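# take this sequence and fold it.
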Amino acid sequence: MNYNVFHIVSDKVWTGTCQQVYDLVSKMRHDDRFYVEVVCKKHDAVLKHFRRLEVPVSILPLKGLTDIDSPVRLAEMLRTGRNVVHVHNFSDAFLAVWARRISGNRNTRVIATIHTISKPRSNYLFNRIYRALDGVVFVSDLTSRHYLEACPRLNPEKCRVIRDSVFWPEPMPDAPAVPDLRHQLDLLPGQALLMYHGRVNHDKGVDVLLRAVTQLDKSSYHLMILGEGQPKFMSQIKAFIVANQLLRNVTLAGFKEQVLRHIEQCDIGIVPSVMPEAMGLSCLEYMMCGKALITTGNGAQREYIRHRENGVLVPPDNYKAIASALKVLIDNPDLRAEMGQRAAEDFDNSLAYDRYYTDMTDLYLR
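Below you'll find the predicted structure:
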């Protein structure tokens, strides 16, 4: 008998969590063991991506604890069959548990993945939700320790660490070709192409990275920043670029669909997060592509990055440390090539997507 798996995603903008669900659904839709459906809000930034997968997409308000409509409508989807409701924002766990109760279908299980490192709530209502969940997935050991220490009512036997992963997606037929970046940017043969991709804000350390590159020889590098942020922050970093005469050295490229095709052309990846990363999908993408990586050591990166072996760990919010690491890698092409090769080998050996997919689908079937 097949399992019906409903992924609930309530993000208003496209995030790393959305991408992780997108990747998982793109694999599950070809797996005969599962019927898979995405449940999300009516936001074009999210809907347009999931609709490309050609799987059913249901739109619900997903407004949290005060939302009465969403549990009732979700319950209708759960009336029959063997169901797994997988929530990817803990605020949606309440509606999933409530919908199961309304449906009356005892063959429905509710699983929550904790994708972030945030302060967990511990009160009467949330303790009841913890007890009602059939499984909790943590994306790293760090998130697991963080939650279990703060939530004594969360049963450790229901919890499992399944580390996030990434993979090369199927090519999109309508996607434009990715240009030769070195030619597009008119880089000299010895210039290193540095890259950051992700949300453009202070939590991700983009402003710290820009301060770091002011310490470098301008003839030695070009920095490409892929991603978007709030208008106010974007205006601030644009003003910083102009004020520090970095217009020839920094490109704000915006959001890119085929980000891995950009990453494979860079020399050094930088993930300078100020806030701790629960896992760090951007780091995994640089590793998979065999790129030297500089990232902060205040999150789960320490679980898979070995300092000065398969990457470089620097303190958060420390532009001088980032600048120092960049100088070493820019001046030593052989070193960054060796570091990138080790990163790719480590990714294949312990972080590859097949392992993640097997662990997750085994959890559904169990």
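# gap between stretch 268-284 and the chain center?
Counting by Cα atoms, centre = their mean, to the nearest Å, stretch 268-284 is centred 9 Å from the centre of its parent chain.
# start to end distance for that stretch?
13 Å (Cα to Cα, to the nearest Å).
# where exactly do the helices run in the protein?
Secondary structure of the chain, counting by DSSP state H: helices at 16-28, 44-50, 69-77, 93-103, 124-132, 141-150, 181-184, 206-213, 231-243, 259-263, 281-288, 319-331, 333-346, 353-365.
# quick one: closest of the ones you listed to Ile305.
Nearest of the helices of the chain to Ile305, taken as Cβ to Cβ: helix 281-288 at 7.0 Å. Where you see a C-beta, it was placed from the backbone N, CA and C, and this is true even at glycine.
# just name the most buried of the helices of the chain.
Counting by mean count of other Cβ atoms under 10 Å, helix 281-288 has the highest mean neighbour count of those, with a mean of 25.
# what's it in contact with?
Residues from elsewhere that reach helix 281-288, judged by Cβ atoms under 8 Å, 6 or more residues apart in numbering: 16, 19-20, 164-168, 197-198, 259-260, 263, 269, 271, 277, 292-293, 295, 301, 304-305, 310-311, 343-344, 346-347, 351.
# between helix 353-365 and that helix, find me the angle.
Here helix 281-288 runs at an angle of 130 degrees relative to helix 353-365 (axes from the mean of the first three to the mean of the last three Cα atoms, to 10 degrees).
# please state the offset of helix 281-288 from the chain centre?
Using Cα atoms, centre = their mean, the offset of helix 281-288 from its chain centre is 10 Å.
# ok, now stretch 316-325?
Distance of stretch 316-325 from the chain centroid (Cα atoms, centre = their mean) equals 23 Å.
# how about the helices of the chain in JSON lines, adding distance to Leu193 and mean pLDDT?
Output for the helices of the chain, formatted as JSON lines (distance: least, Cβ to Cβ, whole Å; pLDDT from 0 to 100):
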{"stretch": "helix 16-28", "distance to Leu193": "23", "mean pLDDT": "95"}
{"stretch": "helix 44-50", "distance to Leu193": "27", "mean pLDDT": "92"}
{"stretch": "helix 69-77", "distance to Leu193": "45", "mean pLDDT": "97"}
{"stretch": "helix 93-103", "distance to Leu193": "42", "mean pLDDT": "96"}
{"stretch": "helix 124-132", "distance to Leu193": "46", "mean pLDDT": "89"}
{"stretch": "helix 141-150", "distance to Leu193": "31", "mean pLDDT": "91"}
{"stretch": "helix 181-184", "distance to Leu193": "6", "mean pLDDT": "96"}
{"stretch": "helix 206-213", "distance to Leu193": "12", "mean pLDDT": "98"}
{"stretch": "helix 231-243", "distance to Leu193": "17", "mean pLDDT": "98"}
{"stretch": "helix 259-263", "distance to Leu193": "10", "mean pLDDT": "96"}
{"stretch": "helix 281-288", "distance to Leu193": "13", "mean pLDDT": "98"}
{"stretch": "helix 319-331", "distance to Leu193": "10", "mean pLDDT": "98"}
{"stretch": "helix 333-346", "distance to Leu193": "11", "mean pLDDT": "98"}
{"stretch": "helix 353-365", "distance to Leu193": "26", "mean pLDDT": "97"}
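# out of those, flag the one nearest Phe6.
Among those, if distance is taken as Cβ to Cβ, the winner is helix 69-77, at 6.5 Å.
# tell me the domain boundaries of the protein?
Per automatic domain parsing, the structural domains of the chain span 3-161, 181-351.
# with distance to Leu365 added, can I get those in TSV?
Shown next, in TSV, are the domains of the chain (distance: least, Cβ to Cβ, whole Å):
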stretch	distance to Leu365
domain 3-161	7
domain 181-351	23
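# what about these, which gets the closest to Tyr357?
Among those, the nearest to Tyr357 by Cβ to Cβ is domain 3-161 (5.6 Å).
# first vs last residue of that closest one, how far apart are they?
Terminal residues of domain 3-161 are spaced 22 Å apart (Cα to Cα).
# just give me how far it sits from the chain centre.
With Cα atoms, centre = their mean as the basis, the mean position of domain 3-161 lies at 16 Å from the chain mean.
# distance check, Arg51 against Trp14.
Distance, Arg51 to Trp14, using Cβ to Cβ, to the nearest Å: 13 Å.
# same deal with Gly254?
To Trp14, Gly254 is 13 Å away according to Cβ to Cβ.
# more neighbours: which of these two?
Trp14 (18 against 11; other Cβ atoms under 10 Å).
# now do that one, the pLDDT please.
Per-residue confidence at Trp14 stands at 91 (pLDDT).
# can you tell me how far it is from Pro176?
Trp14 is 18 Å from Pro176, by Cβ to Cβ.
# Arg355 now?
Using Cβ to Cβ, we find Arg355 at a distance of 32 Å from Pro176.
# now Glu285
Plainly put, Glu285 is 20 Å away from Pro176 if you go by Cβ to Cβ.
# one more: Thr251?
Thr251 sits 17 Å away from Pro176, going by Cβ to Cβ.
# so what's the residue nearest to Tyr353 when sequence neighbours are not counted up against?
Nearest residue to Tyr353, sequence neighbours excluded (Cβ to Cβ, 6 or more residues apart in numbering): Phe167, at 3.9 Å. By Cβ under 8 Å, 6+ apart, the residues touching Phe167 are Asp23, Met288, Ala352, Tyr353.
# quick one: pLDDT of Phe167?
With respect to pLDDT, Phe167 has a value of 95.
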